[in-house]
Structures are given as C-alpha cells and as structure tokens.
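**Q** sequence unknown, structure follows:
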DNA sequence: AAAGCGGGGAA
DNA sequence: TTCCCAGCTTT
C-alpha cells in the first residue's frame, strides 16, 4: 500500500476524538485551526470548547466586543490571533453576507489565515486538494525522505509542500489525508519518536540511516532578549488601583497592565514621588512609604526573558476613576500579572 | 529573508 | 535547561 493511503488508513483507525471533528462546520474548523496555531491540542482543546460555547456562531462572534473575544483568549498567547478572528468574523458577516469563503484563494485573503490555515479549511470542509505544511508535516516528511534542508528555511518548506502536493493528489479524501499527516506527527513521529511502533520504519530514510535524532534540521538560533518590567500597583484607601491598556506594537498588545516603568537593569531602590508622577495623569498622588511590598518574578517567553517587579504602594490621595481590587478580574491581564493578582493582591 | 509574537508541557 | 507546538504578519 502506498504511503499516502497507508497513513489515511492509520488515521481512520487511530484518530483522537476531538470536538472540532464532530462535524465539518467551517466556522468551528476555522476557530480550531487558529487556536491550534503554535499550540498543542491538549492546551487548545479547552479554549476551543469555551470559545464555541461563548460564540456558537459567526454572527454572535461578529457582534461581540473585542475585549470579550480577548477574554476568551486570555492565557493562550499570540493575542493577535484573537483580534484577527474578530476582524474576520465581522468581514464575513457584514460584507460577505455571512457566507464562509469556500476556496483556498478566498480564504487566504482573510486576516489571520495563511497558507496552512487556508489549506486546512479548504481541504477539510470543501474537499480541495491543498496539502498542509505544519510542524508535524515538516518533521514527518523530512524524516521519511531524509531531507536535510533546514525546515525553517523557505526553500526547505517549499520543497516539502511540493512533496505534499503529489501525495495528496492520490487520495480520496484530502481533509483526512491532511489530518492524518498531522495526527501521525503528533502521536508517532514526535520530536523524540518511538520508531519501533512506527508503521513506516522500514521505509523511513532517517530511521534507516540512523538520523532520526538529527532530522529535521533547523538553522535559526536566536537568543531571547532580556527586559525589565517594573509595575507600580498603587492602592488608595478605598482599595482602588490604576489599570492601563497596552497600545504599542509589542508583546501583550491590547491587554491590560498596571502603570509600567521599563528599565535596562533591575531597579533596587524604592521609587520616589518624582518617579511615579511621570506614570499617571493624576499626579497629585503622594507616596506613603509604609506597607510597601515588592514581588519579583521571572517570566519566559519564546523570544524574550522578562524580569518583572511589582511595587505595591499605598497612596494617601484617592485615585480618580480607579479600578477596585475586587473588580480586576473583569480586565484582560497577561499570565504573569494574573498570577500576581490572584496570589498576592487579592 | 528575518524578526516579532505567549504560554505550557515534555525530556 | 532546551525544544517546540494544526503559523501569521510585518519589516
């Protein structure tokens, strides 16, 4: 049996029962594909269920506030995915008459949908023969064919896409084939695989040449940059504090935070009045030194290492238009700030 | 072509 | 610690 038919057969017999496989509603498939970008199935599954429960249809999603969509995304990371999902839902509802685009060429024009997602949706929902190229496929095919082009290079990825194109052209169900490739990469041909249980081990070039641990090849190695974030958590006598929204093109775009001073190194000394008068509009606030607490935490992202300090400072004056501490859970904070609030502030 | 963008789980 | 996950967008 050919590779492409063998892996589809394996998929039919071994696939996981997952909520987005209950049907092929393009809305649900689309949401699942966006959630699962750079995200493991086990992590994304609960987000998918919560998201679909909150927004059962594309109309309900399109009429929601952006903050409500971000709330469902909180903790999942790469928050532009949520913003793009919201944008695209509005476009489909308001300018495409609510009709989901049903071809690769139309899908790839939408915000947040690239080659992978357009291929996935068009193959699973509309039976188009577009091969997906994700991390699983790159790993599986580069091992099976013994390819040593770096998989993080455009050339290496284009090559594997061409191979995928030939393979998918010979199967009956392109959606099943694409999901089979990813499922096999996720369950069998993993980064540290158990080749004894692999049905392709007798034909896998990497296995035959004992190169499974060196294929796929990756070229890029970038050192994460270090940043020092100092959050000032003002608290007045009425238990109110100041909350801002991140508006710059940076991490945590459109999420909330406390007043921030970013520094080149870790700040040891306590802030003075002049330090934090720069932070807030109502600079009549005065520092009250007693009851001050400092909490430091290291938070690691893929591309940055964050050294975060929270300075909890009581102020004498009342904060105008502040947020009560018991009301903070209505705001979308990044994970390290949520942890601080839950563990130490409330 | 390269950089920027989260968070968590596994080895 | 290091790797990497159903990638996309901007520079």
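**A** Cool, the structure landed. These figures come from a predicted structure and were not determined experimentally.
**Q** can you pull the pLDDT of the closest residue to DNA strand B within chain A?
**A** Relative to DNA strand B, the nearest point of chain A is residue A:77 (2.6 Å; CB to the nearest atom of the strand). Quick note: C-beta positions are derived from backbone N, CA and C, even for glycine. Looking at residue A:77, its pLDDT is 98.
**Q** Mind jotting down where the strands sit in the stretch 151-300 of chain A?
**A** Assigned by DSSP state E, counting those that start in this stretch, the strands in the stretch 151-300 of chain A fall at A:225-235, A:240-241, A:244-245, A:256-257, A:260-263, A:287-300.
**Q** With mean pLDDT, mean neighbour count and distance to residue A:27 added, can I get those strands in JSON lines?
**A** Conversion of the strands of the stretch 151-300 of chain A to JSON lines gives the following (pLDDT from 0 to 100; neighbours: other CB atoms under 10 Å; distance: least, CB to CB, whole Å):
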{"stretch": "strand A:225-235", "mean pLDDT": "94", "mean neighbour count": "18", "distance to residue A:27": "37"}
{"stretch": "strand A:240-241", "mean pLDDT": "95", "mean neighbour count": "21", "distance to residue A:27": "39"}
{"stretch": "strand A:244-245", "mean pLDDT": "96", "mean neighbour count": "14", "distance to residue A:27": "29"}
{"stretch": "strand A:256-257", "mean pLDDT": "98", "mean neighbour count": "19", "distance to residue A:27": "28"}
{"stretch": "strand A:260-263", "mean pLDDT": "92", "mean neighbour count": "13", "distance to residue A:27": "37"}
{"stretch": "strand A:287-300", "mean pLDDT": "82", "mean neighbour count": "12", "distance to residue A:27": "34"}
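**Q** domains for chain A, by residue range?
**A** Annotated domains of chain A cover A:3-208, A:225-345 [automatic domain parsing].
**Q** Tell me which of these lies nearest to residue A:218.
**A** Ranking the domains of chain A by proximity to residue A:218 (CB to CB) places domain A:3-208 first, at 5.3 Å.
**Q** Show me how far the closest one is from its chain's centre.
**A** Domain A:3-208 sits 13 Å away from the centroid of its parent chain (CA atoms, centre = their mean, to the nearest Å).
**Q** So which of the strands of the stretch 151-300 of chain A is nearest DNA strand C?
**A** strand A:287-300 (6.8 Å).
**Q** these two touch, right, residue A:110 and residue A:91?
**A** Yes - with contact defined as CB atoms under 8 Å, residue A:110 and residue A:91 form a contacting pair (6.9 Å).
**Q** Could you tell me how far the one helix or strand residue A:312 maps to lies from the centre of the chain?
**A** If you go by DSSP states H and E, residue A:312 is part of strand A:304-315. Chain-centre distance of strand A:304-315: 25 Å, with CA atoms, centre = their mean.
**Q** Could you double-check that residue A:255 sits in contact with residue A:248?
**A** No - between residue A:255 and residue A:248 there is no contact under CB under 8 Å: 11.5 Å.
**Q** More neighbours: these two, which one.
**A** Set residue A:255 next to residue A:248 and count neighbours by other CB atoms under 10 Å: residue A:255 wins out with 20 against 7.
**Q** The stretch 1-150 of chain A: helices as residue ranges?
**A** Here the stretch 1-150 of chain A has its helices, by DSSP state H, counting those that start in this stretch, at A:3-14, A:26-35, A:41-54, A:58-62, A:66-73, A:80-95, A:104-107, A:115-126, A:135-144.
**Q** who wins for proximity to residue A:308 among these?
**A** Closest among the helices of the stretch 1-150 of chain A, once you apply CB to CB, is helix A:66-73, at 20.4 Å.
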